[in-house]
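Q: Show me the folded form of this:
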Amino acid sequence: MKRYKLLEMFKEGSSKKPEFLDNVASDFKKMIIDFITENYFNENIKSEKTKQKLTKILESNIKSEYNTLTIPYFQILENINLCIEVEMSETQSIFESNQKFGERKFSEIMASGIDKSEPINRFSISENKFIKSLEKVITEFTKNYEVSQDSIKIEFD
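A: Okay, the predicted model is just below:
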């Protein structure tokens, strides 16, 4: 977190000027984008192209206005889970297309079931886990935030 000097200054209470707080909100937005990218995109999504598109979506969806930051966590989480589901279904399709008819004995299939690469999980990342991890990062710098039904609003003052 040392790369975010303005956030560290804010945490220490160095300045309360409006232009400083606007810059803090902008810096906080960058930190949240980096946090989500490192902890959720890189960990769960294989395609670099998909990661880049999701990062652009993050940048446009997280709003930094005046000295507030709004993070539409539900929409972000939905996008991540959808990309994970698409990648898993593509992997499953490739696996199934590579299977040869009659490759296994009927008795083996009856005993162990049909091989699947991995089950497709529509909700790989739970909403609760996602919110808790975001709250943990947010509370490092401020206690002035509110979690609503689909977003987190942070005010810097």
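
Q: chain center to stretch 143-150, what's the gap?
A: 17 Å (CA atoms, centre = their mean, to the nearest Å).

Q: First residue to last residue on it, what's the distance there?
A: From its first residue to its last, stretch 143-150 covers 19 Å (CA to CA, to the nearest Å).

Q: for Ile154, helix, strand, or coil?
A: strand (DSSP: H, G, I helix; E, B strand; the rest coil).

Q: so who does it touch?
A: 25, 28, 68-71, 138, 142, 144-145 (CB atoms under 8 Å, 6 or more residues apart in numbering). Placement of C-beta: from N, CA and C, glycine included.

Q: Among those, which are located in helices?
A: Among the contacts of Ile154, the residues falling in helices (DSSP state H) are 25, 28, 138.

Q: Considering those residues, which possesses the most neighbours?
A: Phe28 (24 neighbours; other CB atoms under 10 Å).

Q: Does that one touch Phe141 like I think?
A: Yes. Counting by CB atoms under 8 Å, Phe28 touches Phe141, with 7.0 Å between them.

Q: Return every residue with contacts to both of the two.
A: Leu7.

Q: re the thing from before, from the contacts of Ile154, pick the one nearest Phe41.
A: Within the contacts of Ile154, the smallest distance to Phe41 is 15.4 Å, found for Ile71 (CB to CB).
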